[in-house]
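Chemist: The following block contains a protein sequence and its predicted model.
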Amino acid sequence: MIDSFNKSKIKNATLRQLQIFEVVARNLSYTRAAEELYLTQPTVSIQLKQLADIVGMPLLEQVGKRIFLTNAGQELLKVVRTVLDELSRFEMTISDMKGVKAGKLRIAVITTAKYFVPRLLGPFCERFPGIDIALKVTNRERLLQRLENNEDDLYILGQLPEHMDVWVEPFLENPMVVLASHNHPLVGQHNISAARIAQEPFLMRESGSGTRLSTENFFKDHGLTINFRMELGSNEAIKQAVAGGLGITVLSAHTLALEKSGDELAILDVEGFPIRRQWYVAYATGKQLSVVAKTFLEFLQKESKPMAERYMQGLPGFPSRENK
């Protein structure tokens, strides 16, 4: 398809037009693209029309209220992302040659990782003030789509991606614990059996959630069925429901970083818990990481464990590795 473009004309496209096209293609919305670019919607539309005229083929089509990339648009998007990535990598390389770490870092993280990644980004940005961060927090399905489309530099997730050609490495333990309200009758009891816990009403994340899959697999391996009560779409909603006495749940211990006082939530001492999972950092195999991405990857590998140990220390009811 790319060969069908009039190459003598496509060279006349401005870098700004290509940048605008990439934002529109990524959002599939003129309105959201205009907001991201701090432009008016008519300006975005005019630039895209001029680019389509240069290419000689429509790049976008509207069906109902939704817009889609045409075949030509999909092909151009691949080229544009390659060009923009190479320009960004060049800028970072020049900065590195000058002895300055500067550039933009794009990170996509699974929802639960939002509890510790911002804590890590704080000291990272202090150490490298010239690096701008674009952090995308999303669910597992959307994160894998972004990974497949190579939209970001690095991806942080709690389960290994299946059937995808990616480089992946574990960097931090992600223990799953059983949570109940602070006045639940099982609080304070020791070595509670999985069978006893399975009788309690459970509050769960949506289907496909890594946390939910780990929970269901644990009880399935023990030949038990969960007493499912309610499905909620976020960890915050689940914690509020647990605090309100609607049931118990299994969540990452990282989600309790702000509940160290233990006023509303308590970790139950259940046999087989914590479930020992890992956080993984990933990127598409063959991707050439920028200087900035490599710098953050090294920082992540070195600093994430000490940071987690500091803010998890003394978490009420959280058992140490030695005690399990």
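Modeler: Arrived safely, thanks for sending.

Chemist: which other helices and strands contact the biggest helix by length in the chain?
Modeler: Using DSSP state H to define each element, the chain has its longest helix at helix 71-97. Where contact means 3 or more Cβ pairs under 8 Å, 6 or more residues apart in numbering; DSSP states H and E, helix 71-97 is packed against helix 15-27, strand 103-110, helix 291-312. In short, each C-beta sits where N, CA and C put it, glycine included.

Chemist: Among the ones you listed, pick out the one with the most neighbours on average.
Modeler: Of the helices and strands packed on helix 71-97, the one with the most neighbours on average (mean count of other Cβ atoms under 10 Å) is strand 103-110, at a mean of 22.

Chemist: send the alpha carbons of that one over as PDB?
Modeler: Output in PDB follows, covering the C-alpha atoms of strand 103-110 (Å, rounded to 0.1, in the frame of the first residue of the first chain):
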ATOM      1  CA  GLY A 103      13.800  13.400  26.300                       C
ATOM      2  CA  LYS A 104      10.400  11.900  26.700                       C
ATOM      3  CA  LEU A 105       9.600   8.600  28.300                       C
ATOM      4  CA  ARG A 106       6.300   6.800  27.600                       C
ATOM      5  CA  ILE A 107       5.200   4.200  30.100                       C
ATOM      6  CA  ALA A 108       2.000   2.100  30.100                       C
ATOM      7  CA  VAL A 109       1.100   0.300  33.300                       C
ATOM      8  CA  ILE A 110      -1.600  -2.000  34.500                       C
END
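
Chemist: Need the contact partners of the next helix or strand along the chain from that strand.
Modeler: Next in sequence after strand 103-110, counting helices and strands by DSSP states H and E, comes helix 117-127. Here helix 117-127 makes contact (Cβ atoms under 8 Å, 6 or more residues apart in numbering) with 107, 109, 131, 133, 135, 156, 257, 296, 299-300, 303-304, 307, 311.

Chemist: ditto for stretch 81-89
Modeler: Leu15, Leu18, Gln19, Glu22, Gly103, Lys104, Asn150, Gln288, Ser290, Val291.

Chemist: What strands flank the strand or helix carrying Ala266, and is each parallel or antiparallel?
Modeler: Element membership of Ala266, judged by DSSP H and E, is strand 265-268. If you go by DSSP bridges, strand 265-268 pairs up with strand 166-181 (antiparallel).

Chemist: Now Asp269: closest residue in space, sequence neighbours ignored.
Modeler: Nearest residue to Asp269, sequence neighbours excluded (Cβ to Cβ, 6 or more residues apart in numbering): His190, at 5.1 Å.

Chemist: before we move on, what about Ser234?
Modeler: Thr111 (7.2 Å).

Chemist: correct me, but that neighbour touches Lys136?
Modeler: No: under the criterion of Cβ atoms under 8 Å, Thr111 makes no contact with Lys136, lying 10.8 Å away.
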